[in-house]
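[1] Just need the structure, nothing else, for what follows:
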Amino acid sequence: MRTTVLAVVATVAALLGASLALMAGKATGWLDEDAATVLVPVSDGVADVPAADVPVTAKPLAGNEFTPSTIYRARSGGVVTIIALFGDPAADGQGGASQGSGFVVSPRGYILTNSHVITTAGEGSPSESADPAGTVYVEFRDGDRVEAKVVGWDIFDDVGLLKVDPADHVLEPVPLGDSSRVVVGEPVAAIGSPFGLDRTVTAGIVAATERSIDSLTSEYSLVDAIQTDAAINRGNSGGPLFDARGRVIGINAQIRSESGNAEGVGFAVPINSARRSMSQLIATGEVRYAYVGITTQTVTPSIAERFDYGADRGAAVQGVNLGTPAADAGFRPGKAEEVFEDIRIRPGGDLIVAIDGKLVDTADDVVRAVTRKLPGQKITFTVLRGGERRTIIVTLGTRPEIPPGSGR
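    Numbering: from 1, shown residues only. The predicted structure is shown next:
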C-alpha cells in the first residue's frame, strides 16, 4: 500500500537462485568515457534499437583518487528529489505520495529514476498493469520544484524516465559511466534523499557485480545488479551510484534487509541497462525485451557428472513454454525433477553450452545473451542432447509482462 507521506522506495528484496532464469534481462551500452558529449546509442547486439541521442555536457572528474567530497560538490546539483502524487484525495479520499530520487542526464530535461518511484509498479500483483503518478514534481538543490512529465517506464529493469522543461530551471546533467567496466572492490558514492533528507551522500565499495535479484516490479529476475555496501535507505531509490570519477554506474533501487533499513546490502540497476531503456523510451515510448520461452538451471561439474550432461558447465533446459519461440524451435525440456546436492533439477533435457558462439557457464548467461537482442532477431544456441552437439536457431519473440506458467 502506498502511504500518504513519504515513501515506498527501497523495498526489501530477496536474492533469486539461478534455477528459474527466464529469458530476458540486461544489455550493455557504450560510452566514450573522456568525451565532453555523450550520446546514447545502444550496441553490442542491439543495434536495431531506435537510437535516441541524449547529449550530456558534464565531463568525468580529473584524477584517480576517490574523494566523496569532490564528487558531492561536482554532482549533487544534478541529483534531484522526486515527489509523485497518486490518486485524487480531494475527489474520493483516495491517493498517496511517493518520494524518491533521480538525476538529470541531459540539458534537454531528461531525468532517470526507478519505475517504482513514479508508477504503481510493485505496489500490487505483478500481473497488474502499472499506472503513472497523476502529478510528479522534481525538487532541485536550491529547493525549487518544477512539474515533470512521465515519459515512460520499464517494469522489467525498474527504470523510469521523466522530462522537465529546461526553461523552468537551470539543469546540471551528470555523465553516465560504463557499468560493464565496474569491478568488485572499487569505491562508489551514492547521492539521494533517504527519508526525505535531500542531497545526502554515502560512500562504500562495489561488493559484487552480476547479482541475480528479485525484481520489485515484475516476475522476472534482474541478473546484472550491482551490489554495494554504501548505505541506501527509503528515499534513495532512483538516485545515482557514482564511481571515483563522478560517472553514474547504476541507479540505486533496492536493499536487502531484515529491519527494513540499510544493513550494508544494497543493489543498483546497471547504468548500461538503464541507458538501453531510456533510449527506447525516448524513441518509441516503450521498451521491448526479447524472449525465448524456456527456464534453465546452472550446471556445475558435479551436476554434469551426476547426470552425464557431456560438458562440465552450461545451462540445462528445465521447461519449454507452449506457443513460444523455444517450442517452435524444438528445445527439449528436462524430465522428472530430482534433488542433487540440495539443488532441484530436471535432467534429461538440452544443455545449452554456447550462444552465438560464446560459451555459456550459467543460466544467467542465457538471460544476458537473449536480452542483447531484440524481438524478431535470430539467435543461435549450441546444445548437447544425448551426447550429440546440435545447433538451434531461434527467432526471438517479445517478452510478456507475466511469464507463462506463473499461475497468473
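[2] mind listing what's buried in stretch 328-347?
    Within stretch 328-347, the residues scored as buried using 16 or more other C-beta atoms under 10 Å are Ala329, Phe331, Arg332, Pro333, Gly334, Ile343, Ile345, Arg346, Pro347. From N, CA and C alone the C-beta is placed, and that goes for glycine too.
[3] Just the ones of those in helices?
    Ala329 (DSSP state H).
[4] Now the buried residues of stretch 328-347 in CSV, please, with extra columns for pLDDT.
    Below are the buried residues of stretch 328-347 laid out as CSV (pLDDT from 0 to 100):
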residue, pLDDT
Ala329, 96
Phe331, 97
Arg332, 97
Pro333, 97
Gly334, 96
Ile343, 94
Ile345, 96
Arg346, 97
Pro347, 96
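[5] Farthest-apart pair in the buried residues of stretch 328-347, please.
    Ala329 and Ile343 (26.5 Å; C-beta to C-beta).
[6] which other residues reach the helix or strand encompassing Val353?
    Using DSSP states H and E, Val353 maps to strand 351-355. The contact list for strand 351-355, computed with C-beta atoms under 8 Å, 6 or more residues apart in numbering, reads 296, 299, 309-311, 313-317, 359-360, 365-366, 369-370, 379-385, 389.
[7] re the thing from before, can you add distance to Ala189 and give the buried residues of stretch 328-347 back as TSV?
    Output for these, formatted as TSV (distance: C-beta to C-beta, whole Å):
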residue	distance to Ala189
Ala329	46
Phe331	44
Arg332	48
Pro333	46
Gly334	45
Ile343	38
Ile345	41
Arg346	44
Pro347	46
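[8] Check the buried residues of stretch 328-347 against Glu305 and report the nearest one.
    For those, the nearest to Glu305 is Pro347 (11.8 Å; C-beta to C-beta).
[9] For that closest one, list the residues it contacts.
    Phe307, Tyr309, Ala316, Gly334, Lys335, Glu338.
[10] after the strand holding Val353, next one along is what?
    Using DSSP H and E, the helix or strand that follows strand 351-355 in sequence is strand 358-359.
[11] Quick one: list the elements packing against that following strand.
    Using 3 or more C-beta pairs under 8 Å, 6 or more residues apart in numbering; DSSP states H and E as the contact criterion, strand 358-359 has no neighbours among helices and strands.
[12] Quick check: what element follows that strand along the chain?
    Where DSSP H and E defines the elements, the next helix or strand beyond strand 358-359 is helix 363-371.
[13] For that next one, give the mean pLDDT please.
    In this model, helix 363-371 has a mean pLDDT of 93.
[14] quick check: angle from it to strand 351-355?
    Per axes from the mean of the first three to the mean of the last three C-alpha atoms, to 10 degrees, the angle that helix 363-371 makes with strand 351-355 is 50 degrees.
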